[in-house]
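>>> Requesting a structural model of the entry that follows:
(chains A and B)
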Amino acid sequence: MGSNLSLAYLMLSAILFVIGGVGVLIRRNPLVMIMCVELMLNAVNLSFVTFGKMLDDISGQIIVFFVMVVAAAEVVVGLALIVAMARRRPGATADDLRTLRG
Amino acid sequence: MVGLVWLLPALPLAGFLLLVFFGKRIGEPRAGWIGTGAVALSFVTACLVFVGLWGEPEHTYELSLFQWIPAGHFNVDIGILLDPLSMAMVLFITGIASLIHLYSIGYMHGDSRFPRFFTYLNLFVFSMLVLVLGNNLVLTFLGWEGVGACSYFLIAFWFEKEENASAGKKAFITNRVGDWGFMIAIFMTFFAFGTVTYTQFLPMAPGLAQTTATFIALMLFVGAIGKSAQIPLFIWLPDAMAGPTPVSALIHAATMVTAGVYLLVRVNPIIAASASWIPWMIAIVGCATAFLAATIALAQQDIKKVLAYSTVSQLGYMFLAIGVGGYSAAIFHMITHAFFKALLFLGAGSVIHGMHDEQDMRRMGALRKIMPVTAVTFIIGWLAIAGVPPFSGFWSKDDILAYALHKSPILYVFGLITALLTAFYMSRLVFRVFYGDARWGESAEGELANLNAHTATDAVESGDHADAHDDDHAHVGHGAVHPHESKWPMLVPLIVLAFFAAVAGVLNLPFTEHLEFLNRWLEPVVGENQAHLHLGGLQLTVELLISTTIALLGIFAAYMVYLKKKVDPRRIELPFFANGWYIDQGITAFMGGIGRKGFELIAMFDKVVIDGAVNGVGRATRGGASRLRAIENGYVRWYALMIGVGAVLIVAFVMTQVSF
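Next comes the predicted model:
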């Protein structure tokens, strides 16, 4: 793999991460926010794989599996919370849940 | 057998624990028998230990049970020091306490808090034994505070009445003043010697700098006058009579109030090492207290108040004895006083009980026919305290006076005047209660009408606990009093105490050295610092004759005034004396006037400076926090952004620190 190609992958990864981050910050819909978080995680996965390839080190790809498992677990909890929230207060956004503010 | 010594305090403690947890379930009268049994067993142990102590070198035995406070150089053990002094104390404390426990079973019969009374009494005996047996100042202080707390509980035992509760508080607060002195003395002792154990620091006392010794002795004296009711801290003891009479007998006459005397005798090497004005001060305070309290006792109408002031006066004698170097005389008088004053109080309790809670002597009279046992035993106590030979009080009081004369004739003369007053006011009490006309029942209606308004309030006050333990004669009104003799649990202690009040003088007869048992027994403790008397036969005879004459003179004067009615009693019972030299009122006026201003000033300081600092810290925290909380706005995106910013900052920081 040439270094230009690696750079392209890293660029893509950075772009995806920023899109995900901005999505989390500006969107109100909790489902979309979770998707954006997933996007950020996968952007990081992509950079791990790329670095692993660049440095010829298998551990970059191993870490990706860990991230995927953790992400799956996180989605389970997150979706459960969203379902519970949708049942109690249909149509509520993340900004409506600010009972714990200082 | 001397190894059993730990049982002495352990038995009353066991009794206390049993009663405090199961007292209500055990109930009357078994709770009383358990309490009495615990203390009586303790007395039996004391006798066994006494026999064992003869075999020890110098009659001294020290036992360390376990470490209590190990803190650097400061080391305090729970340890017992059994020497001739503490042995003498333990024997009469447990003996008299057993008798008074037995008496209380009769006296407190029918009281709604009967088991609790014995709980407190057992706790008291335990604390008192810790006080005298502790082998260091801190343990003595523990017992000292324990007896103070028990005294408070028991004075205010019938706390339903406001008056009793405040009498308890007065006793406790007045004692705090003395306790402060005692605490300072403990700190100073540790500072000077590096230890508070008696057997370690007392032998070092002669080498102490005089100023330090003077300061320690002064502070210990402050502690002693609080507990032993000397000028100016004696005001609590007369009020302490609000408690049940057995309490007055045990705590406020025989044992607790002598703790101050015990303490000063215990630390006699420190007094010896201090400046020469310390013994003078002790002697003068004791002498003045003895005299002042005796004059007040002349004019009291409440039978227990007379005995209370008499106790203050006799404690003054003991302080006088310490001041003039007669340590063994002080202990001798403490023991004889414990016998006859406990007897007098219990006798008074028997009279009060028989008269259905009447305490005013103006409503008594001619009771010797109705209460023969009480009367006979009371008369023995009277002769003992008045100093009539050969009863015990004569010998001990004369012992003190002999030491006083050795130091200064002025102290001797004041001692004699006090002895005269003592004989007079005690005779007045006996004549008014047991002789003369009956001033109770229908026959006395006319005379009762003559009593002034003050009496009426007195009568209401003293009729306070009629409902508490007189279930069998609740109908009693003042016109229909039927006095009766008490039952056997109350009479047996009277008889035993009367026996000892009569013969306790043989402990220390002054005729030859062989007869001075107590002097020789106490030799290892006080021998070095005891003033040495060499009484010739002639001087001794003259002194004994003077004392006898004084005692008989006092009795004769009272006979002329109160039985023959040659002199109007009102010329002797001056209002000045009846009001206790206006000392209580003086303190109230001072504390209400100048004192109050001072305290308000201190309160202001507290409010402005101390509270200001504390509240200022609180206000600053609050103010800062209310501004900070604005960032906790509850928006998830805000937190996400903060996490992002934080991550960027950390990475930036790492970048600047790490070089690739």
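>>> before we move on, which element is residue B:63 in?
Using DSSP states H and E, the element containing residue B:63 is strand B:61-71.
>>> next one: phi and psi at residue B:538?
The phi and psi torsions at residue B:538 (degrees, to the nearest 10) take the values phi -70, psi -50.
>>> contacting residues for residue 13?
Since no chain was named, I'll use chain A. Neighbouring residues of residue A:13 by C-beta atoms under 8 Å, 6 or more residues apart in numbering or on different chains: A:43-44, A:46-47, A:50. All C-beta spots, glycine's among them, are computed from the backbone N, C-alpha and C.
>>> nope, chain B
By C-beta under 8 Å, 6+ apart, the residues touching residue B:13 are B:122, B:126.
>>> at 7 Å instead, please
residue B:126 (C-beta atoms under 7 Å, 6 or more residues apart in numbering or on different chains).
>>> host element of it?
helix B:7-26.
>>> next helix or strand past the helix or strand where residue B:499 lies?
Per DSSP H and E, residue B:499 falls inside helix B:488-503. Using DSSP H and E, the helix or strand that directly follows helix B:488-503 along the chain is helix B:517-526.
>>> Do me a favour and average the pLDDT over that next one.
For helix B:517-526, mean pLDDT is 88.
>>> who touches that helix?
B:58-60, B:83-85, B:265, B:268, B:327-328, B:331-332, B:507-508.
>>> Which ones among those residues lie within helices?
Mapping these onto helices (DSSP state H) picks out B:84-85, B:265, B:268, B:327-328, B:331-332.
>>> If any of those residues are buried, give me the PyMOL selection for them.
Of the ones in helices among the contacts of helix B:517-526, the buried ones can be selected in PyMOL as follows, counting by 16 or more other C-beta atoms under 10 Å in any protein chain shown:
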select buried, chain B and resi 84+85+265+268+327+328+331+332
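>>> quick revisit: can you give me the angle the very next helix or strand once past the helix holding residue B:13 makes with strand B:61-71?
Sequence-wise, the next helix or strand downstream of helix B:7-26 (DSSP H and E) is helix B:30-53. Put simply, helix B:30-53 runs at 110 degrees to strand B:61-71, going by axes from the mean of the first three to the mean of the last three C-alpha atoms, to 10 degrees.
>>> Show me which residues of chain A sit near chain B.
By C-beta under 7 Å from any C-beta of the partner chain, the residues of chain A that approach chain B are A:21, A:24-25, A:94-95, A:98, A:100-102.
>>> are any of those buried, and which?
A:21, A:24-25, A:94.
>>> In helices, which of the residues you listed fall?
When DSSP H is applied, these are split such that A:21, A:24-25 fall in helices.
>>> can I assume residue B:486 sits in a strand?
No - using DSSP: H, G, I helix; E, B strand; the rest coil, the secondary structure at residue B:486 is coil, not a strand.
>>> dump the residue contacts of it.
B:106, B:350, B:353-354, B:374.
>>> try 6 Å this time
The contact partners of residue B:486, by C-beta atoms under 6 Å, 6 or more residues apart in numbering or on different chains, come to B:350, B:353.
>>> which SS class is residue B:77?
At residue B:77 the chain is in strand, as set by three-state DSSP.
>>> And the helices in chain A?
Along chain A, counting by DSSP H, helices occupy A:3-26, A:30-55, A:59-88.
>>> May I see the ones you listed organised as a markdown table, with mean pLDDT added?
A markdown table is the format used below for these (pLDDT from 0 to 100):
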| stretch | mean pLDDT |
| --- | --- |
| helix A:3-26 | 92 |
| helix A:30-55 | 93 |
| helix A:59-88 | 92 |
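>>> Pick the most buried one from these.
Ranked by mean neighbour count, the helices of chain A are led by helix A:30-55 with a mean of 18 (mean count of other C-beta atoms under 10 Å in any protein chain shown).
>>> Can you get me a residue count around residue B:293?
Residues lying near residue B:293 (other C-beta atoms under 10 Å in any protein chain shown) number 30.
>>> Return the residues of chain B in contact with chain A.
Counting by C-beta under 6 Å from any C-beta of the partner chain, the residues of chain B lying close to chain A are B:629, B:632-637, B:640-641.
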